[in-house]
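Engineer: The sequence and its predicted three-dimensional model are supplied below.
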Amino acid sequence: MPTSEMLAKVGNHDDEEGNRPTVRVQTIDELHSLQRKRSAPSTPRGNSQPTTTLTLSDEERSKMQLESISASLASLTRGSGPKVVKGDPARRFEGSRVAHVPHHRHTAAPTIAVSDSALKFTHVLYNLSPAELYEQAIKYEKGSFLTSTGALATLSGAKTGRCPRDKRVVKDELTENELWWGKGSPNIEMDEHSFMVNRERAVDYLNSLDKVFVNDQFLNWDPENKIKVRIVSARAYHSLFMHNMCIRPTPEELENFGTPDFTIYNAGQFPCNRYTHYMTSSTSIDLNLARKEMVILGTQYAGEMKKGLFSVMHYLMPKRQILSLHSGCNMGKSGDVALFFGLSGTGKTTLSTDHNRYLIGDDEHCWSESGVSNIEGGCYAKCIDLSQENEPDIWNAIKFGTVLENVVFDDHFREVDYSDRSVTENTRAAYPIEYIPNVKLPCVGPHPKNVILLACDAFGVLPPVSKLSLSQTMYHFISGYTALVAGTEEGVKEPQATFSACFGAAFIMLHPTKYAAMLSEKMQNHGATGWLVNTGWSGGSYGCGSRLKLSYTRKIIDAIHSGSLLDAEYNKTEIFGLHIPSEVDGVPSEILDPENTWSDKQAYKETLLKLAKLFKKNFETFTNYHIGENNNLTEEILAAGPITDEA
């Protein structure tokens, strides 16, 4: 054994006592190899049972993983996947195994000319840990920095919000009669050929790189209905984002992951071909439900991946008689569950994150026969004007492992200025859900008792809270009225009144009344109460009135959770027929009726009537769709809308 002084002893004080053998190395590389232990990321699972493992060697499992990834990256015109090898290309090929598998396993490969791309390796950085992804981002991605709290600050490029006008869904024999198409629908069609052109462009771009990031993860905490997803991306930022937002597999689950149920190809740094049919810009986000694939070109905004997968769940879950919901969800210590519906900026994340209750999730859920389950493994919170006083749980979650998008920070101390809108209003934080101290793991709960519809009313005429009948709940659920908050989408500079079916029209795949019918049935079966809560303006419309205080809204939500509002006295409003309580503990009684807060009563009535007409006009889109036996449910929902004395 060498006795040179260059030998390094690696250990701790226990080694000196003889409890552990001394480890000896001869080079720095050997020392570093000991420092980097083999491991896999995991999410706490409570009392969940470990997955049964197959009797395969590590070498066989690694080969199967690489073959699966190679097949995912296969060009469908060249007949084979790329040569893939695990590890950072900066470390060359040490200890790596190469996989190069035919895409068409049961047919002879076509005769093709070999291109230079067939002679290169694509390095796969597979399910890296946050620490490894930090290193990749800071070293190789311009605009990535470590902030004072340990979060990774990064930039999403020219696109700082979603691009719904550039989202496409393949219309084929499978989807033509199943999906919601036409007026009001978010589903803009494309054909199979155009999708394949974009897929090929994305795959070619990803294969041209020295390295790609691959995440194999899950959606839906319900063990009976979880979905396996694979995300192939070019940026460490995107890989860390999805590591946080999806459900992280245990080492056992990762070893036996197998073939994914759905795959995302994120080539967002590369534009689509504007000459491709259906393309209207250099950006395209394409879903192919038959192929179970999604392609992203021309945008690096990470939210496209999150919401694209949400659209997929809006298609897959109802086929299993499970209601998919754009909602937050929390649970009281007594087991009472509340759902929070609302678009970005309405307070869904803020109000569902309550230190007095257990958080099940802040954005996406399923309601099955066994109860509710979170679709995701993380939270995606808006950061504009974030403060420790108003949102302590979100504030404290912004630490090591969290991704901060498009924020501005002090150059020396790296302290983030959450009020700075220099890059965008739509600054965001993506963090694992266990960063919230009162999270419920696993993220599942019993059937909800309260269904809370959040509306950011830019007109300032809706009450801060009103109790809804079942038909009113369906009417307002289908209407999805709110204000589109600045920065959530491109081109929106200030709040605008808008209607978004099911409080998430951009993501639903089926006709809104199908989701409404499922919600109605579940609320009836489990005795849930509907509430409409206005988190918008009071005392006037946007620009004249003022935003309702968050502290008042929290008091209202507390009263809903406690059940005290069920026993309150109610008064019925004109036109909308909403039932508003005469008092709520901790909230000034005069603001509960919005008319009291307007100095110009005539202006209030005119504005109220204007909003009612907008509701009725919007609902015309849905009146030709019949639901319920003998169309009874449709008639009940229509009767629950505002009365404007117009034919």
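Structural biologist: Great, that's in hand.
Engineer: hey, let's count contacts and neighbours off CA atoms from now on
Structural biologist: Noted.
Engineer: Break the protein into its domains for me.
Structural biologist: 125-320+387-402, 451-640 (the TED database).
Engineer: quick one, which of those domains is nearest to residue 342?
Structural biologist: Nearest to residue 342 among the domains of the chain is domain 451-640 (5.0 Å), distances taken as CA to CA.
Engineer: Which of the domains of the chain comes out lowest on mean pLDDT?
Structural biologist: With a mean of 88, domain 451-640 has the lowest mean pLDDT of those.
Engineer: mind checking the end-to-end distance for that one?
Structural biologist: 17 Å (CA to CA, to the nearest Å).
Engineer: Point me to the helix or strand that includes residue 607.
Structural biologist: According to DSSP states H and E, residue 607 maps onto helix 601-619.
Engineer: Packing partners of the following helix or strand past that helix?
Structural biologist: In the C-terminal direction, the helix or strand that comes right after helix 601-619 (DSSP H and E) is helix 632-639. Applying 3 or more CA pairs under 8 Å, 6 or more residues apart in numbering; DSSP states H and E, one finds that helix 632-639 contacts helix 470-479.
Engineer: what angle separates the helix it packs on from helix 632-639?
Structural biologist: Helix 470-479 runs at 80 degrees relative to helix 632-639, counting by axes from the mean of the first three to the mean of the last three CA atoms, to 10 degrees.
Engineer: Any idea how many residues pack against residue 616?
Structural biologist: Residues near residue 616, counting by other CA atoms under 10 Å, number 16.
Engineer: sorry, that was for residue 189
Structural biologist: Residue 189, neighbours per other CA under 10 Å, totals 18.
Engineer: Spit out the contact partners of it.
Structural biologist: Listed by CA atoms under 8 Å, 6 or more residues apart in numbering, the contact set of residue 189 reads 168, 169, 170, 171.
Engineer: May I have the phi/psi pair for the nearest residue to the third one once chain neighbours are set aside?
Structural biologist: Using CA to CA, 6 or more residues apart in numbering and skipping residues adjacent in sequence, the residue nearest residue 170 is residue 190, 4.8 Å away. When quoted as degrees, to the nearest 10, the phi and psi of residue 190 stand at phi -150, psi 160.
Engineer: wait, residue 190 sits on residue 278?
Structural biologist: Yes - at 6.2 Å, residue 190 and residue 278 qualify as touching, with contact defined as CA atoms under 8 Å.
Engineer: between those two, who's got more neighbours?
Structural biologist: A count of neighbours by other CA under 10 Å puts residue 190 above the other of residue 190 and residue 278, at 20 against 16.
Engineer: Could you measure from the more buried one over to residue 311?
Structural biologist: 16 Å.
Engineer: Equivalent analysis for residue 287, please.
Structural biologist: Distance from residue 287 to residue 311, counting by CA to CA: 9 Å.
Engineer: Give me the helices and strands touching the helix or strand where residue 312 lies, please.
Structural biologist: Here residue 312, judged by DSSP H and E, is contained in helix 303-316. Judged by 3+ CA pairs under 8 Å, 6+ apart, helix 303-316 is in contact with helix 236-245, strand 323-331.
Engineer: Dump the ones you listed into a markdown table; add mean neighbour count and distance to residue 567 as well.
Structural biologist: Listed next are the helices and strands packed on helix 303-316 as a markdown table, based on neighbours: other CA atoms under 10 Å; distance: least, CA to CA, whole Å:
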| stretch | mean neighbour count | distance to residue 567 |
| --- | --- | --- |
| helix 236-245 | 27 | 39 |
| strand 323-331 | 27 | 21 |
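Engineer: Include distance to residue 427 when you put the ones you listed into TSV, please.
Structural biologist: What follows is the helices and strands packed on helix 303-316, written out as TSV (distance: least, CA to CA, whole Å):
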stretch	distance to residue 427
helix 236-245	14
strand 323-331	19
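Engineer: Please name whichever of those is nearest to residue 393.
Structural biologist: Evaluated over the helices and strands packed on helix 303-316, closeness to residue 393 peaks at strand 323-331, with 13.9 Å, by CA to CA.
Engineer: ok, that closest one: who's next to it in the sheet?
Structural biologist: strand 337-341 (antiparallel), strand 358-361 (antiparallel), strand 364-368 (antiparallel) (DSSP bridges).
Engineer: Before I go, just wanted to say thanks for your time.
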